[in-house]
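In: the amino acid sequence is not available; the structure is as follows:
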């Protein structure tokens, strides 16, 4: 979650370098798709590099991992809304399959002192930064 920017984007790119099939969630569709584009670029580079390396049996070199069908899926989801989490999770189960690793990174940072935050921002912060962990898990 939170794959559209910041640490969420960095996590996605690092997992892509490690050949993970990725399911990216973010509230911002455009930035989430930008992250997916970066991931696809990494996948293409890895596939090209693997195709360029001649494989010689018994040469003592470490084998390059074979190219597999690496994919990235994107979903727009507001993790601060329980029903949005549940419906998106169901779509992922149906379209991708079971999730084996969850990085629940989405978060709200207000940048204000507590006494300067309007009630709505405090509620939103609690929904995304606390409650969403339970819903997403």
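Out: Arrived safely. If you're wondering where the values come from, they're calculated on a predicted model, not measured in any experiment.

In: as a check, name the ranges of all strands in this structure.
Out: For the chain, the strands defined by DSSP state E cover 22-26, 72-76.

In: what about the last one, distance to the chain center?
Out: With Cα atoms, centre = their mean, to the nearest Å as the basis, strand 72-76 stands 8 Å off its chain's centre.

In: same question for that strand: list its buried residues.
Out: Neighbour-count burial for strand 72-76, counted by 16 or more other Cβ atoms under 10 Å, picks out 72, 74-76. Bear in mind the C-beta positions are built from the backbone N, C-alpha and C, glycine included.

In: cool, the first one as well?
Out: Residues of strand 22-26 classed as buried by neighbour count (16+ other Cβ under 10 Å): 22-26.

In: could you dump the residues you listed to a markdown table with distance to residue 83 and pLDDT?
Out: Listed next are the buried residues of strand 22-26 as a markdown table, based on distance: Cβ to Cβ, whole Å; pLDDT from 0 to 100:
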| residue | distance to residue 83 | pLDDT |
| --- | --- | --- |
| 22 | 24 | 98 |
| 23 | 19 | 98 |
| 24 | 20 | 98 |
| 25 | 15 | 98 |
| 26 | 18 | 98 |
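
In: so can I have JSON lines of those showing distance to residue 89?
Out: Shown next, in JSON lines, are the buried residues of strand 22-26 (distance: Cβ to Cβ, whole Å):
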{"residue": "22", "distance to residue 89": "15"}
{"residue": "23", "distance to residue 89": "10"}
{"residue": "24", "distance to residue 89": "14"}
{"residue": "25", "distance to residue 89": "9"}
{"residue": "26", "distance to residue 89": "15"}
